[in-house]
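1. Kindly generate the corresponding structure for this input.
(2 chains)
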Amino acid sequence: MRLVNRALARMGTRGAQRALGWATVVSLLATAMLGLVVVPPDANQGDVQRLMYVHVPAAWLAFASFGVVFVASIAYLRTGQTRWDRVAVSSAEIGVQFCALTIVLGSLWGRPVWGAWWTWDPRLTTTAVLLLIYVGYLSLRQVADSPARRAHWAAVVGVVGFIDVPIVHMSVVWWRSLHQEATVLRPGAPTMAGSMLATLLFSTVAFSVAYAYLMAVRTRVGRVEDRVAGTLMASPTPRARAPRRSGSLDGIPDEVTSSPLGPPAYSPGGGGNA
Amino acid sequence: MRDASYVLAGYAITGTALGLYRLQLARRTRRAHRLVAALTGRTDARSRPRR
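-> Have a look, this model is predicted:
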């Protein structure tokens, strides 16, 4: 925990963020160069297989992002510290980006190879469910009425929602699937040519750098937004500042008991339509 | 040739999506700093409050 705290603090400095930003740009450009120009095309699929160098890292980084949500949510539930909630929501937001990218890139790859943009294949369906779970996670945060409750509910969803990640990974093994089986994250040696594997690993590193950079920026934004929320909650509202009127009844808002338009229709003897 | 257009579209979408997300974060940061400045009355919202 202390190590993670220290890493987060270091990533939050401006200098580290700038360095990460440049590293992201350079490594992503290098990935594009390697994937589009340097590596030879696949013997069976031809050039379209080059999509693997962005599709697969996007999927792995989505899994990793949701893994961070899982760990940070457990840390929040154990300690109650807001910073874990901030880490969880930042990672969920970035994970949703990567997960949506995975689906779009897979669709672009599927069209020429399978002849369809989308099919209700187990891998595709479980990935779509994964995206919906974390979109739901982010939506849930918008409806909770207090920061503590929002963080608590979100943490529970962050822990439970992670169940779908191993299901997505194992879906090609458990069910009959059009999607190819794992070639790298599997027992035994990867079934891939050396140059392709090296490019794939390089692009995964590039996507990881991009993830670290976006996390650093997103957690910083979260800190400032929390400061805004804290300041807003600390400052008295116009209603709290207004002097109490002597005629107000206990427990009933003033605007109900003394409306400039006369008594409300539901008040006793208030002149309803009946 | 048609395959190449799928590949180029994929790489372009990846770069655009990450770039747009980064821009959105920059916008959110600016808005939050402006709000902090408006609420606290400090001209430099990036500085931490003194205790």
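2. In CSV, could you pull the C-alpha coordinates for stretch B:8-17?
-> Listed next in CSV are the C-alpha coordinates belonging to stretch B:8-17 (Å, rounded to 0.1, in the frame of the first residue of the first chain):
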residue,chain,number,x,y,z
LEU,B,8,-5.6,2.6,-41.1
ALA,B,9,-9.1,3.3,-39.7
GLY,B,10,-8.3,1.2,-36.6
TYR,B,11,-5.0,3.0,-35.9
ALA,B,12,-6.6,6.4,-36.6
ILE,B,13,-9.6,5.6,-34.3
THR,B,14,-7.1,4.5,-31.5
GLY,B,15,-5.1,7.7,-31.7
THR,B,16,-8.2,9.9,-32.0
ALA,B,17,-10.0,8.3,-29.0
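3. what comes into contact with it?
-> A:28, A:32, A:35-36, A:51, A:54-55, A:58, A:97, A:100-101, A:104-105, A:108-109 (CB atoms under 8 Å, 6 or more residues apart in numbering or on different chains). For the C-beta atoms, the positions are set from N, CA and C on the backbone; glycine is no exception.
4. What count of nearby residues applies to residue A:145?
-> 6 (other CB atoms under 10 Å in any protein chain shown).
5. er, residue A:84 I mean
-> Around residue A:84 there are 23 residues (other CB under 10 Å).
6. And the pLDDT for the residue lying closest to it once chain neighbours are set aside?
-> Leaving aside its sequence neighbours, residue A:84 sits nearest to residue A:76 (CB to CB, 6 or more residues apart in numbering or on different chains; 3.8 Å). Looking at residue A:76, its pLDDT is 95.
7. From what I see, residue A:76 and residue A:151 are in contact.
-> Yes. With contact defined as CB atoms under 8 Å, residue A:76 reaches residue A:151; the gap is 6.1 Å.
8. joint contacts of these two?
-> residue A:85.
9. what's near enough to touch the residue nearest to residue A:84?
-> Counted by CB under 8 Å, 6+ apart, residue A:76 has contacts A:84, A:85, A:88, A:151, A:152, A:155.
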